[in-house]
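> Okay, predicted coordinates and the sequence, questions at the end:
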Amino acid sequence: SVLSTRDSVKIIKSILQSRQLNVNLAEEFQRQISFVKNSDLDPSHVTVDVSATETIQILPIMTDYCEEVHAAGAVDFDDILLKARTLLSTAPEIAHKYQDHYRYVLVDEYQDTNIIQYDLVKIISEKNQNLCVVGDQDQAIYGFRGATEAAIGKFVDDHPQAAIIKLGINYRSTRAIVEASKAVISSNPSHQRVELKTQNDDGKPVRLVSANSDLDEANIISQEIISPISRGKTVAIIVRQGNQIRVLRESFAEKGIQFREVFEQNKLQEPEEDDYAAGSNYLVDIVTAHAAKGREWDYVWVAGVEENLFPHFYSMDEAKVEEERRLFFVACSRAREILVISYCARRLLRGEPVNTEPSRFLADLPKDVSQGSKIHPPTIGVPTEEKVHQRTSILSGTTSAESREIPKPYGFFFRLRNNWYGKKF
């Protein structure tokens, strides 16, 4: 039988319990074991953080896991790839059989292939050399699964005789959205990047919105999307991680907005979709950035574009920040007609309110984003103590409107206690 991700986590929980280790680490061990398999790494050099000062090697846990899976006569999704590669690379007669059967090979989303998949494609197409791949290294967002944007460049090196056809016309988005997306990704290095162009209309300027808190952000979003929904537009709110959804869910429910939540698809499982709709017609998608890939909507709002969230605090080294930027590029480029990007000054994270700062990615946006939206550009960098204190006072309600100047939002609405101020541009 083939194990799902959930099945693998159950087995690892049992192993951790038998070793008197924290069973809450099971999902992290599963991710690391999967990463090791997909990346063809030596597990003896991979660890899992169990605290700020303690790590555990995954090797003994991985050894126990593999033994239990084998004893059950099962494989996980990663094993299917590994065992297929082993079979084809050690049994030439079987490799020749599949090479003769699959004389033409087409691989889509090639930038998301890992080393195991790369080897499989190379073996199967080796005899006939009829291989076509389609990919965009600027959309390589699965490094945590062992994929690398270098796959495109490696293909060119391995197949110097291959014809390269550059597809640079964007048929989806308005010119404003294309230009904003191009600006976002421009800070990443690239040897194979295609200059994006579009013959579509200029469209409305991309808008950048700031809110005092994640609650304010959710209320602004739920208020703003009522208009496009009423006009029959498809709408999506894209977030970096699933725990941003709670406050959106509550705000939408208060306003009676029907919606569904779409998460990353787990291996060998159906896409995770939770419906919050009175009828069968979904009016709003709330979707994680990874799950948004390959989809498109008329109206897209990318929420929570802040430091330590987008880019994520787990992804702060240079290579991972580049992948986070590609993920932001993917999120922005899902929009056909309208793109709105937002961030807030204070957010509830892991149960605690924290001050937040605009993402470094916002500094790459074209100047006409802020000018066209009649808003002030964000200040990128660490806030002064005075700014932090002012934001905290506003959020906690300890500063009265009479005793201070009402702050000008970057967006069009903001809330002070239970009252709404501002203007719809």
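Nice, I can see it.

> Show me where the stretch 301-425 of the chain has its strands.
335-344, 346-349, 352-355, 413-416, 419-422 (DSSP state E, counting those that start in this stretch).

> Point out where the stretch 151-300 of the chain drops to low pLDDT.
Judged against pLDDT under 70, the low-scoring parts of the stretch 151-300 of the chain cover residues 264-281.

> Out of the strands of the stretch 301-425 of the chain, which gets the lowest mean score?
Among the strands of the stretch 301-425 of the chain, strand 413-416 carries the lowest mean pLDDT, at a mean of 34.

> ok, which stretches of the stretch 151-300 of the chain are helices?
Assigned by DSSP state H, counting those that start in this stretch, the helices in the stretch 151-300 of the chain fall at 175-185, 214-224, 226-230, 245-254, 289-292.

> and the shortest one, what other elements does it pack with?
With contacts taken as 3 or more CB pairs under 8 Å, 6 or more residues apart in numbering; DSSP states H and E, helix 289-292 sits against strand 235-239, helix 318-332. (C-beta placed from N, C-alpha, C; glycine too.)

> Likewise for the fourth one?
With contacts taken as 3+ CB pairs under 8 Å, 6+ apart, helix 245-254 sits against helix 214-224, strand 235-239, strand 259-262, strand 273-276, strand 284-288.

> 6 Å instead?
Counting contacts by 3 or more CB pairs under 6 Å, 6 or more residues apart in numbering; DSSP states H and E, helix 245-254 is packed against helix 214-224.

> angle of the helix it packs on against strand 335-344?
Inter-element angle recorded for helix 214-224 and strand 335-344: 150 degrees (by axes from the mean of the first three to the mean of the last three CA atoms, to 10 degrees).

> I'd guessed F252 sits against Q223; true?
No. Contact criterion CB atoms under 6 Å: F252 and Q223 do not qualify, at 10.6 Å.

> Specify which residue of the two has the higher count of neighbours.
Just comparing F252 and Q223: by other CB atoms under 10 Å the higher neighbour count belongs to F252, 23 against 16.

> Any idea which of the helices of the stretch 151-300 of the chain gets closest to S342?
Shortest separation from S342 across the helices of the stretch 151-300 of the chain is recorded for helix 214-224, at 5.5 Å, computed as CB to CB.

> Need the contact partners of stretch 82-94.
With contacts defined as CB atoms under 6 Å, 6 or more residues apart in numbering, stretch 82-94 is touched by A95, I116, D119, L120, I123.

> now, the most widely separated pair of those?
Based on CB to CB, the longest span within the contacts of stretch 82-94 runs between A95 and I116 and measures 15.3 Å.

> Compare those two and say which is more crowded by neighbours.
In terms of neighbours (other CB under 10 Å), I116 is the more surrounded of A95 and I116; the figures are 20 against 17.

> Relative to E224, how far out is the more buried one?
Here the distance between I116 and E224 works out to 44 Å (CB to CB, to the nearest Å).

> gap between the two ends of stretch 143-161?
One end of stretch 143-161 sits 28 Å from the other (CA to CA, to the nearest Å).
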